[in-house]
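**Student:** build me a structure from this.
(chains A and B)
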Amino acid sequence: VIVGTALIRMYGVCGCLKEAEILFDRVSDKDIILWNCMIALYVEHKKSSQALVFFHQMLGEGVLPNKVTCSSLLNAYGSENELAMGKKMHACCVGSNYELDMVVETALIYMYGKCGCLEAAHLLFDRMHVRDLVAWTTMISLYAQQEHHCKALQLFSQLQQESLMPDIVTVVGMISACASEEALFICKQVHACVMVTKLASDTVLGNAFISAFNKCGSLKEALTCFEQMTKRD
RNA sequence: GCGGGAUG
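**Tutor:** Residues are numbered from 1 along each chain as shown, chains lettered A, B, ... in the order given. A predicted model of the protein is given here:
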C-alpha cells in the first residue's frame, strides 16, 4: 500500500489521473492515507466533484476521515464556492478538535474567503494562536483578489512587524490582482519594500512587478522596474 | 506513502 500510494501520487502530480485511478482500483486494502492522497490529487486538479465521489466511497467502506481529509475538502469547497458544505465541514472540524491544527485553520480561512465571507475568514485569522507565513499569505491573497488592496497592504506591513519575511508567494499574491490606477500605489509600496530584501534580485518577481505596473497603466513604473533588475530573462 | 498560500 505504501509503495502504491507513492506511485499513485507520482502519476497524479504529473497530471495522469487516469493511470492513478487504475492503480488505485487495484489496491485491495485502501487505508486513509491512500484515500486522502486520491482526494487531494483530484482537488488539486480542480476536479472537486470527483474528489467528493472518492470521499463518499471512502465513507461507504467504513474508513473515517481525518484532518488531512478535511483540509483537502475545505479547499475543494473554497474553490467551488460551496459555502454551505464548507460550513458543515467547519462544524465537523470543531467537533473533532481539528480546528486547532494550523493547516485546517488556514484551509478554513481560505474556504470562507473564497466563498465571499472575508469577515468570517478574518475572524478565524485573528483567533489563530500561531500564524505562520502561509496563514498570512492566504489572508493577504484573499483580500487582494477581491480588490481590497488596502486591507491587503495593511496585513502585508503587519506581517513584517511580526518579524516574518514575505516570500515570493506573498508578494505575488499582493500584486497579481493589481490592475487599476488606484492599485498602482499598492504596487509601488510593495515594490519599495521588496527592493530592500533578498527578493530584489529575483527575476520571476521582477517580471511580476513589470506585469503588474503595466496592468495598472504605468509603463513608466514598469520600465523603472525593468532597469532596476539585476538579472533579466 | 497523504493535507494549507500567489502567478505562470
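**Student:** ok, A:Cys16 to A:Tyr143 distance?
**Tutor:** With distances taken as Cβ to Cβ, to the nearest Å, A:Cys16 is found 36 Å from A:Tyr143. In short, each C-beta sits where N, CA and C put it, glycine included.
**Student:** those two: which is more packed in?
**Tutor:** A:Tyr143 (25 against 14; other Cβ atoms under 10 Å).
**Student:** give the contact list for A:His191.
**Tutor:** By Cβ atoms under 8 Å, 6 or more residues apart in numbering, the contact list for A:His191 reads A:Phe209, A:Glu221, A:Cys225.
**Student:** now with 6 Å, please.
**Tutor:** A:His191 makes contact with A:Phe209 under the criterion Cβ atoms under 6 Å, 6 or more residues apart in numbering.
**Student:** which secondary structure element is home to it?
**Tutor:** Assessed by DSSP states H and E, A:His191 sits inside helix A:181-195.
**Student:** which parts of that helix are buried?
**Tutor:** Of all the residues in helix A:181-195, those buried under the rule 16 or more other Cβ atoms under 10 Å are A:Ala183, A:Leu184, A:Ile186, A:Cys187, A:Lys188, A:Gln189, A:Val190, A:His191, A:Cys193, A:Val194.
**Student:** kindly report the same for stretch A:159-169.
**Tutor:** Those buried within stretch A:159-169 under the rule 16+ other Cβ under 10 Å are A:Leu159, A:Leu164, A:Pro166, A:Asp167.
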